[in-house]
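Asks: Let's see this in three dimensions:
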Amino acid sequence: MQFLSSILFGVSASLDSLLVGVSYGIRRIHIRLWQNLFISSVTLLGTCLSISAGHLLVPLLSEAVCRYAGSLILALLGAYYCLKWLISSLRDRHDDKLAHYGEISSASSGQKWETLSLAEVFTLSLTLSLNNLGIGLSASLAGLSLLSTAAATFACSVLLLFLGNQLGRCRLLQLAGTAAEPVSGILLIGLGLVQLIW
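Replies: Numbers count the residues shown, from 1 in each chain. You can find the predicted model right below:
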């Protein structure tokens, strides 16, 4: 069950990487392997720090409080992501996002692929890392182990960033990218419930 929870956490925490990869792929900006590994490593470091901080709090609290608090925070974070996506969708309901992505893709089809600048690599690394701080803290309070969670987070981050970037102009992946936020929210809610039950 610990392995399944870690995988769920890794996928959920890394879905932002899919969205980032798609957005850069649409703009025909190639994320090189070393850039991907650097971004994922910094994200991993932020996740590990937040999980470690959570483990330091565990001895100060009872086991039941840690489990319930961590599970509740995970579920609330998931609900927040779903609600944020819903509000954004209602606000932009008159926009045809897929058509817009298609226009950007076709307009740039004759252009060469560019690469990320060093400043963009650092900015992406810090942004994705900060996104995982709250999730990592609550995951540790819910009882997830550092090693398995870190490994799952790194692997999912590298894979989803690569897939998003390579297939950024594909309409199917663009659809998956627009759904990354609610899917991440649902996974976090599910992870919270799994940790609460087991």
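Asks: For this structure, which segments count as helices?
Replies: 2-26, 33-57, 63-91, 97-107, 118-141, 146-166, 171-178, 180-197 (DSSP state H).
Asks: Could you single out the most deeply buried of the ones you listed?
Replies: Burial of those is given as mean neighbour count (mean count of other C-beta atoms under 10 Å); helix 2-26 ranks first at a mean of 23. Where you see a C-beta, it was placed from the backbone N, CA and C, and this is true even at glycine.
Asks: Check which helices and strands that one sits against.
Replies: The contact analysis (3 or more C-beta pairs under 8 Å, 6 or more residues apart in numbering; DSSP states H and E) places helix 2-26 against helix 33-57, helix 97-107, helix 118-141, helix 146-166, helix 171-178, helix 180-197.
Asks: got a pLDDT number for F154?
Replies: With respect to pLDDT, F154 scores 91.
Asks: typo on my end, it should be L191
Replies: 67.
Asks: What of the one 3 residues further on?
Replies: As summarised for this prediction, V194 has a pLDDT of 71.
Asks: which residue packs closest to it, ignoring adjacent ones?
Replies: Among residues not flanking V194 along the chain, S5 sits closest, at 5.7 Å (C-beta to C-beta, 6 or more residues apart in numbering).
Asks: Could you measure from the one you found over to R169?
Replies: 34 Å (C-beta to C-beta, to the nearest Å).
Asks: and what of V183?
Replies: Separation of V183 from R169 (C-beta to C-beta): 21 Å.
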